[in-house]
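[1] sharing a model prediction with you, sequence too.
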Amino acid sequence: MAVSVPDSIRLIDLFGFPEYDNLGEPKPFTNEPGTLIGFTTSFLALSWIFVCLRLYVRLRVVRMPGLDDLFVVLYLLFTSIASIVFMISINFGTGQHFLLLNFGQVRTYLKLFYILNINLNLAATFIKLSLLYQFLRVFDKGTLAYRASLIGIVLVTLWGVAFVLLSLFPCANIPDAWNVLARDAKCWGYASQNADLFTATLVSHNLINTIFDIYITLIPFQLYFQPDVSLRTRLGLMILLLMGATVVTLSVWRVHDTIYYKSGWYPTHDPTWYGPMSILLMVLEINVASICASVPIFWPILRPIIGAIFVTREFSVQTEVRDSEALSISSRQRTGSEAELNAHYKDSYVMDLVDPFGANKDMGFVRNEVEGDSRRKKQRRWRWV
């Protein structure tokens, strides 16, 4: 059962002030709408750019799409939905004190949190599966990295299914998840009204997520220690390791934030005030992970184009002797007279090349015309690096 309350009534008017009054706390930087929207849109845009470049290479250049590409598309779909929902939630309480919201805002916020949570769990699962299936294409069957990728696929799938189900069905009666006045509601996990149970759900998800991030980052790094790996490959692996370390750092930061604030229950129950940082970190984490998954795919194609910024032009000049000249020259020996040896310089073709702006135009030795390849038979080749 639920008690009927007008939407315009604020929670603080009904429940009063909490034992710990945090209404005077300075507003965190991560609670500002500009910060939340700015970071979310920027990283989402980067993710779209990198994933689209990856898909272009796989579908149009090498024409070899795989399951890893399917999973990255699913990731992009769900992370886009999650990011949009997160930004919409700013208008319904995200970044504000929970008790200062009215019942209409709270109900809408909790509905948006329900949708957000489902999509973030799906996005996190699919981007990890994309990376692991990508490793299956890179490493040979039977190798340690290949087996580690298979094990990771199984574990990530089980983890994803478990927490997606918890987010899909947080209560016996799902609408109770966004009704703060529901009585005798049977809710668990993400909708539990027990602070310890709610915190344990989020911490366990975040902690396992961090372990998977570290696990996935280390799988390709074993290539670094192989003796036949080139310096360029080692440098590329180091860059990927740094990007993976960024993902792990964001994940560890989110675990710390979740534990410290008890998922919005400490020092008082204020999820809209203490929760935005944790959600923002997860959005950034999965977007950076998508960049890590996409760079190795399109970089070999993009590198020559980027190198063209530093334009290096190589000219290859080839000179061909006309058939008539070849016969004439081959028939003469170095023992001939100087006049015989130099006779071919009287030719208009040669004179035009030697002295294109000479004064003997009336004699027909030099022409002031540009006739292209048909006259000079000279080729120029450009190479971009």
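    Good, I have the coordinates.

[2] got the contact list for the spatially most central residue of the chain?
    Closest to where the C-alpha atoms of the chain average out (C-alpha atoms, centre = their mean) is residue 291, at 2.2 Å. Residues in contact with residue 291 (C-beta atoms under 8 Å, 6 or more residues apart in numbering) are 46-47, 50, 243. Any C-beta I mention is one placed from the backbone N, CA and C, and that applies to glycine too.

[3] buried residues in the helix or strand harbouring it, which are they?
    Using DSSP states H and E, residue 291 falls within helix 276-307. Of the residues in helix 276-307, 276-299 count as buried by neighbour count, 16 or more other C-beta atoms under 10 Å.

[4] again, but for stretch 230-243
    Buried residues in stretch 230-243 (16+ other C-beta under 10 Å): 236-237, 240-241, 243.

[5] next: stretch 175-195.
    Buried residues in stretch 175-195 (16+ other C-beta under 10 Å): 176-180, 182, 185, 187-192.

[6] make CSV out of those residues and add pLDDT and secondary structure.
    Listed next are the buried residues of stretch 175-195 as CSV, based on pLDDT from 0 to 100; DSSP: H, G, I helix; E, B strand; the rest coil:
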residue, pLDDT, secondary structure
176, 94, helix
177, 94, helix
178, 94, helix
179, 90, coil
180, 87, coil
182, 82, strand
185, 88, coil
187, 94, strand
188, 94, coil
189, 94, helix
190, 94, helix
191, 93, helix
192, 92, coil
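
[7] residue 67 versus the nearest residue to residue 193 once chain neighbours are set aside, what's the distance?
    Once flanking residues are discounted, residue 193 sits nearest to residue 187: 6.6 Å by C-beta to C-beta, 6 or more residues apart in numbering. For residue 187, the distance to residue 67 equals 36 Å [C-beta to C-beta, to the nearest Å].

[8] mind putting the buried residues of stretch 175-195 into a markdown table with distance to residue 218?
    Formatted as a markdown table, the buried residues of stretch 175-195 follow (distance: C-beta to C-beta, whole Å):
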| residue | distance to residue 218 |
| --- | --- |
| 176 | 42 |
| 177 | 37 |
| 178 | 40 |
| 179 | 44 |
| 180 | 43 |
| 182 | 45 |
| 185 | 43 |
| 187 | 38 |
| 188 | 34 |
| 189 | 30 |
| 190 | 30 |
| 191 | 35 |
| 192 | 34 |
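
[9] now, which of those residues sits nearest residue 202?
    residue 190 (7.7 Å; C-beta to C-beta).

[10] just give me the neighbour total for the nearest residue to that closest one once chain neighbours are set aside.
    Setting aside the residues directly before and after it, residue 190 is nearest to residue 170 in space (C-beta to C-beta, 6+ apart), at 4.7 Å. Counted by other C-beta atoms under 10 Å, the residues lying close to residue 170 total 23.

[11] where does pLDDT dip in the stretch 251-385 of the chain?
    Along the stretch 251-385 of the chain, the model assigns pLDDT under 70 to residues 300-385.

[12] what comes up buried for the strand or helix carrying residue 197?
    Using DSSP H and E, the secondary-structure element containing residue 197 is helix 195-218. For helix 195-218, burial by neighbour count (16+ other C-beta under 10 Å) applies to 198-199, 201-203, 205-210, 212-213, 215-217.

[13] nearest to residue 62, of those?
    residue 216 (23.2 Å).

[14] which parts of the stretch 1-150 of the chain are helices?
    Ranges of helices within the stretch 1-150 of the chain are 11-15, 33-56, 67-89, 103-138, 144-168, based on DSSP state H, counting those that start in this stretch.

[15] can I get the ones you listed in CSV including distance to residue 221 and mean neighbour count?
    Shown next, in CSV, are the helices of the stretch 1-150 of the chain (distance: least, C-beta to C-beta, whole Å; neighbours: other C-beta atoms under 10 Å):
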stretch, distance to residue 221, mean neighbour count
helix 11-15, 49, 14
helix 33-56, 21, 17
helix 67-89, 18, 20
helix 103-138, 11, 22
helix 144-168, 9, 17
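
[16] can you list those helices in TSV and add mean pLDDT and distance to residue 230?
    Below are the helices of the stretch 1-150 of the chain laid out as TSV (pLDDT from 0 to 100; distance: least, C-beta to C-beta, whole Å):
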stretch	mean pLDDT	distance to residue 230
helix 11-15	89	62
helix 33-56	96	23
helix 67-89	97	24
helix 103-138	95	16
helix 144-168	96	18
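
[17] hmm, residue 107 is touching residue 175, no?
    No - in this structure residue 107 lies outside contact range of residue 175 using C-beta atoms under 8 Å: 9.6 Å.
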